[in-house]
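Trainee: sequence isn't available, so here's the structure alone:
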Ligand code: PGA
Ligand code: ZN
């Protein structure tokens, strides 16, 4: 049994780590008298303008991406303030970080510092309690394994091809267990590899930032055709065993001056892009659509949700940036029925949990997500189970920074044994517009 004093924070250190793109990032190590927690901040490529700011050195070294100033601030000004506090007081510690920073977007301390630290504090407390992280955060009822959204074909800023949309996703909704879902997904991932290498040559199976293949395609339908062919070739039925999804990440191909989206070499205004989505949804069993419109266009999100929200999870990522301020606007506008959850978009775990709670109470599905620049930190796997999200988005079954999350979920499933519940199709059925 751990005693209260075991939870007292004894040391806090910020260290340099590298993310999956080789960029510097912040690693926090928090030690209590009775345990330890390590958190590593991830980093996005298709970031919104509403996110917590990552502190970067600029200059020549590391291509300007260094974090030495962030680490200096961490170790000299922030760390000493945490010594002696109880690691279980997550909300208090996070509010202290917010207060020490004093800016609306964590630009003084750095969102990369607060994220790593906030995660490390939670892990240290769980470790001290001798509890699995998902149970420490989610209580004894945390037993739902999320349905994985596997981004098996990469485009946008995550790949060196001409696909406008960033992510093409397979969803093993018809599996009976989480491990079964992973087996089915890997089978489709392999069958996609054979299809791409036959049709486009071997170079087409090189992978992008999130482990999905990055074939030399330029047409959205080509990518969806590849996914649906791969599902069938692996012996599965589209619409039953598997659903498909997309993250358009459309702020990246929106031309604000002309107010058009450039897709497949053509210009679309918001309403013709909406028509394209509706066509694709019906043709390819698409049940998940993220950031279909740019990050400030609540109205077109709302129009699409009204049209297809009964059969598609329409999700705001850049739109909300894990921030209750923007989520509240979305709820008012009935913009989406899903909300992406990325701790480093807002910068602390407590603010992330507030956001999940707000989404939930408005009937909006939280979707826990990695970043395209990520690490061996598997925190989001436990977070997804803890909040009972029912859905996790963490890349293809390739590259260890993606597999760290899937492997942790496999571990949690084994640990829960017969108590484990796989979310399966549930997040995609009974959706209301
Ligand atoms: P990012 O991409 O981590 O590069 O922002 C992930 C996403 O858009 O969901
Ligand atoms: Zn996204």
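Mentor: Now that the structure is in, tell me what you want to look at. Being a predicted model, the structure only gives us computed values, none of them experimental. Ligands and ions are numbered 1, 2, ... in the order given.
Trainee: what sits against residue 423?
Mentor: The contact partners of residue 423, taken as CB atoms under 8 Å, 6 or more residues apart in numbering, are 144, 145, 146, 147, 390, 391. Heads up, the C-betas are built off the backbone N, CA and C, glycines and all.
Trainee: are any of these buried, and which?
Mentor: 144, 145, 146, 147, 390, 391 (16 or more other CB atoms under 10 Å).
Trainee: with pLDDT, distance to ligand 1 and secondary structure as added columns, please give the residues you listed in TSV.
Mentor: TSV is the format used below for those (pLDDT from 0 to 100; distance: CB to the nearest ligand atom, whole Å; DSSP: H, G, I helix; E, B strand; the rest coil):
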residue	pLDDT	distance to ligand 1	secondary structure
144	98	22	strand
145	98	21	strand
146	98	15	coil
147	98	16	strand
390	98	17	coil
391	98	13	strand
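Trainee: which parts of the stretch 251-400 of the chain are helices?
Mentor: Listed in chain order, the helices of the stretch 251-400 of the chain (DSSP state H, counting those that start in this stretch) span residues 270-283, 298-308, 324-333, 343-346, 349-361, 379-386, 400-416.
Trainee: pull the residues that contact the next helix or strand after the last one.
Mentor: In the C-terminal direction, the helix or strand that comes right after helix 400-416 (DSSP states H and E) is strand 421-422. Where contact means CB under 8 Å, 6+ apart, the residues beyond strand 421-422 that reach it are 143, 144, 145, 147, 175, 176, 177, 178, 180, 181, 413.
Trainee: near ligand 2, from these?
Mentor: Filtering the contacts of strand 421-422 for proximity to ligand 2 by CB under 5 Å from the ion leaves nothing.
Trainee: do I have it right that residue 45 meets residue 167?
Mentor: No - at 11.7 Å, residue 45 and residue 167 do not qualify as touching, with contact defined as CB atoms under 8 Å.
Trainee: overlap of the contact sets of these two?
Mentor: Contacts common to residue 45 and residue 167, judged by CB under 8 Å, 6+ apart, are residue 158.
Trainee: between these two, tell me which one has more neighbours.
Mentor: Ranked by neighbour count (other CB atoms under 10 Å), residue 45 and residue 167 place residue 167 first, with 32 against 17.
Trainee: surely that one meets residue 244?
Mentor: No - using CB under 8 Å as the test, residue 167 is too far from residue 244 to be in contact (10.9 Å).
Trainee: what residues does this structure have near ligand 2?
Mentor: Residues of the chain lying near ligand 2 (CB under 5 Å from the ion): 247, 249, 290, 317.
Trainee: look up how far residue 28 lies from the closest residue to the second one other than its chain neighbours.
Mentor: In this structure, residue 249 finds its nearest non-sequential neighbour in residue 166, 3.8 Å apart by CB to CB, 6 or more residues apart in numbering. Remark: distance between residue 166 and residue 28 (CB to CB, to the nearest Å) = 29 Å.
Trainee: any low-confidence regions in the protein?
Mentor: 432-433 (pLDDT under 70).
Trainee: got the residues of it near ligand 1?
Mentor: Residues of the chain lying near ligand 1 by CB under 6 Å from any ligand atom: 44, 45, 46, 47, 166, 247, 249, 317, 369, 371, 372.
Trainee: nearest the geometric middle of the protein, what residue?
Mentor: The residue lying closest to the centre of the chain (CA atoms, centre = their mean) is residue 369, at 1.5 Å.
Trainee: name the nearest residue to whatever residue of the stretch 1-150 of the chain ends up closest to ligand 1, sequence neighbours excluded.
Mentor: Residue nearest to ligand 1 within the stretch 1-150 of the chain (CB to the nearest ligand atom): residue 44, separated by 3.0 Å. Nearest residue to residue 44 in three dimensions, chain neighbours excluded: residue 371, at 4.6 Å (CB to CB, 6+ apart).
Trainee: ok, now which ones touch the one you found?
Mentor: 42, 43, 44, 342, 344.
Trainee: against residue 113, how distant is it?
Mentor: Distance, residue 371 to residue 113, using CB to CB: 16 Å.
Trainee: what count of nearby residues applies to residue 311?
Mentor: Taking other CB under 10 Å as the criterion, the count of residues near residue 311 is 16.
Trainee: residues touching the residue lying closest to it once chain neighbours are set aside, list them.
Mentor: In space, and not counting its chain neighbours, residue 311 is closest to residue 431: 6.3 Å by CB to CB, 6+ apart. Taking CB under 8 Å, 6+ apart, we find residue 431 in contact with 309, 310, 311, 312, 313, 337.
Trainee: tell me the SS of residue 431?
Mentor: Classification of residue 431 using DSSP: H, G, I helix; E, B strand; the rest coil returns coil.
Trainee: same question, residue 47
Mentor: The assignment at residue 47 comes out as coil when based on three-state DSSP.
Trainee: for whatever residue of the stretch 251-400 of the chain ends up closest to ligand 2, which residues are in contact?
Mentor: Per CB to the ion, residue 317 is where the stretch 251-400 of the chain lies closest to ligand 2, at 3.5 Å. Neighbouring residues of residue 317 by CB under 8 Å, 6+ apart: 48, 247, 249, 290, 291, 340, 342, 369.
Trainee: make it 10 Å
Mentor: Residue 317 makes contact with 44, 46, 48, 166, 247-249, 251, 290-291, 295, 336, 338-342, 345, 367, 369, 393, according to CB atoms under 10 Å, 6 or more residues apart in numbering.
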